[in-house]
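Peer 1: Generate coordinates for the sequence data below:
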Amino acid sequence: MNPIDFNNDLPPEQRQLREQTHRFAAEVMRPASLELDALSPEDVIAPASRLRDVFREAYKAGYHLRGSHRSWAAPGSTRWTPGWSAKSSAGAAPGFR
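Peer 2: Sure thing, here's the model as predicted:
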């Protein structure tokens, strides 16, 4: 079982979001990561970098509008910042937790 699939009782809209996020990771993030890993840090952030394409695709999909949940904040933390969280894209890397 995939670590992210432990909750099969999600409402349909959350299941759909989970599936969409997994597809984005598989179809956009993973292929880009293979290219980006081979580049120097300067080339990764260059204006013509594939990283910019990943950000554009993420924006088109609306990921910048989805917030992380307050319960994901560190225990005892008073800070919580909404945004596209690593937890929501955990399917991006096999074994990522």
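Peer 1: Give me the distance between Ala46 and Arg52.
Peer 2: Applying Cβ to Cβ, to the nearest Å, the value for Ala46 to Arg52 is 8 Å. C-betas here are computed from N, CA, C, even on glycine.
Peer 1: The closest residue to Gln20 other than its chain neighbours: how many residues sit nearby?
Peer 2: Here the nearest residue to Gln20 in space, its sequence neighbours aside, is Ala61; by Cβ to Cβ, 6 or more residues apart in numbering that works out to 7.2 Å. Residues lying near Ala61 (other Cβ atoms under 10 Å) number 16.
Peer 1: and Ala61, what are its phi and psi?
Peer 2: phi -80, psi -10 (degrees, to the nearest 10).
Peer 1: Next one, pLDDT for it please.
Peer 2: Predicted confidence (pLDDT) for Ala61: 88.
Peer 1: Over to Met1?
Peer 2: For Met1, the predicted pLDDT is 53.
Peer 1: quick one: least confident helix or strand in this structure?
Peer 2: Here the helix or strand of the chain ranked lowest by mean pLDDT, DSSP states H and E is helix 12-24, holding a mean of 88.
Peer 1: Next, the distance between the ends of stretch 22-38.
Peer 2: Taking Cα to Cα, to the nearest Å, stretch 22-38 runs 23 Å from one end to the other.
Peer 1: I misspoke; the intended subject was stretch 18-36.
Peer 2: 25 Å.
Peer 1: List the buried residues of it.
Peer 2: 18, 21-22, 24-25, 28-29, 32-33, 36 (16 or more other Cβ atoms under 10 Å).
Peer 1: Compile the residues you listed into JSON lines and extend it with columns for distance to Leu65.
Peer 2: Converted to JSON lines, the buried residues of stretch 18-36 look like this (distance: Cβ to Cβ, whole Å):
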{"residue": "Arg18", "distance to Leu65": "17"}
{"residue": "Thr21", "distance to Leu65": "13"}
{"residue": "His22", "distance to Leu65": "19"}
{"residue": "Phe24", "distance to Leu65": "14"}
{"residue": "Ala25", "distance to Leu65": "18"}
{"residue": "Val28", "distance to Leu65": "17"}
{"residue": "Met29", "distance to Leu65": "18"}
{"residue": "Ala32", "distance to Leu65": "21"}
{"residue": "Ser33", "distance to Leu65": "23"}
{"residue": "Leu36", "distance to Leu65": "24"}
